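Peer 1: This is a predicted model, with the sequence first.
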Amino acid sequence: MIYTVTFNPSIDYVIKVDNFIPGTVNRVAYDNKYAGGKGINVSRVLNNLGVESKALGFIGGFTGAFIETSLQQEGVETDFVTVNGDTRINVKLKSNEETEINGAGPNILPDDLNKLFEKINSLDSEDFLILAGNVQSSLPRDIYSRIQGNLEGKGVKIVVDTTGEALVSTLKYKPFLIKPNNHELSEIFNVQINTKEEIIHYAQKLREMGAQNVIISMAGEGALLVSEEGAFHASAPKGEVKNSVGAGDSLIAGFLASYSKTLDISLAFKLGVASGSATAFSMDLCKMEEVENLLPQVSVTKI
């Protein structure tokens, strides 16, 4: 089973305003509300690709109830810990420019965290666990590492999607997959990275530090995968970028949807890149048909 953890879920309230003008009354052209958060995005895309997962994390209040209900209506299995306080609302304003206003989320008490640990600690070598996204200030800064430490020796394949020191601190536990982009890779090593060769070099350093597989996304230039099988480049499909939310989460979902069935890392990489691009080219997270339409455009080459 694939499990996703979203520590700080949100209702993503997406509104489109033609020619937004601050300080005046603006009329909404259209709006939508989605269950949001990086782990939840992964679960939603997995569901769209016909792969089961279970969404874990913390929810609270009427906003949390909306998230749980909407996921279940889509067909996503959930097992959240209910906390005091309301799950946050993030506003995504799409106009001449894209503006985001993100809520803070509820406080998480030690007892809440222990309940989540109890759910996670039952995982074994047949399972994948995705740890992704923002962590509330009420949670320990090393929460990802603590979860990895609790599962050490159980063979759980853990995917970590975070940045900076929070990512580096997880490497000693040998995560199955990490996914920094080229800019985040530069920040980790405090260097300027300009070429594919340099990206591969520093991705290999992350492997030497413990990561089993490293995917580096490069926007329109595609993505690179560095694993024990070598380095691979995937070309980026052509299309109009409409949505900056969830493309990286979709890449992870597409990768796991394939790898969990085939154990073929090259095929998984191809489906991951197609899924990430399909989300970028749509107004919501990608659907199966959209991914399948882009697959012929993705060429994976071993370097």
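Peer 2: Now that the structure is in, tell me what you want to look at.

Peer 1: Now do the helices in this structure.
Peer 2: Along the chain, the stretches classed as helices by DSSP state H are 38-48, 61-74, 110-120, 143-151, 164-168, 182-189, 196-208, 247-262, 265-280, 288-294.

Peer 1: Next, format those as JSON lines and append mean pLDDT and mean neighbour count.
Peer 2: No exception for glycine: its C-beta is placed from N, CA and C like everyone else's. Shown next, in JSON lines, are the helices of the chain (pLDDT from 0 to 100; neighbours: other Cβ atoms under 10 Å):
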{"stretch": "helix 38-48", "mean pLDDT": "97", "mean neighbour count": "28"}
{"stretch": "helix 61-74", "mean pLDDT": "97", "mean neighbour count": "16"}
{"stretch": "helix 110-120", "mean pLDDT": "96", "mean neighbour count": "15"}
{"stretch": "helix 143-151", "mean pLDDT": "95", "mean neighbour count": "18"}
{"stretch": "helix 164-168", "mean pLDDT": "87", "mean neighbour count": "15"}
{"stretch": "helix 182-189", "mean pLDDT": "91", "mean neighbour count": "17"}
{"stretch": "helix 196-208", "mean pLDDT": "95", "mean neighbour count": "17"}
{"stretch": "helix 247-262", "mean pLDDT": "96", "mean neighbour count": "24"}
{"stretch": "helix 265-280", "mean pLDDT": "96", "mean neighbour count": "26"}
{"stretch": "helix 288-294", "mean pLDDT": "96", "mean neighbour count": "17"}
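
Peer 1: Of these, which is nearest Met218?
Peer 2: Met218 sits nearest to helix 182-189 of all the helices of the chain, at 5.2 Å, using Cβ to Cβ.

Peer 1: So what touches the closest one?
Peer 2: Applying Cβ atoms under 8 Å, 6 or more residues apart in numbering, the external contacts of helix 182-189 come out as 163-164, 167-168, 180, 192-193, 199, 202-203, 205-206, 216-218.
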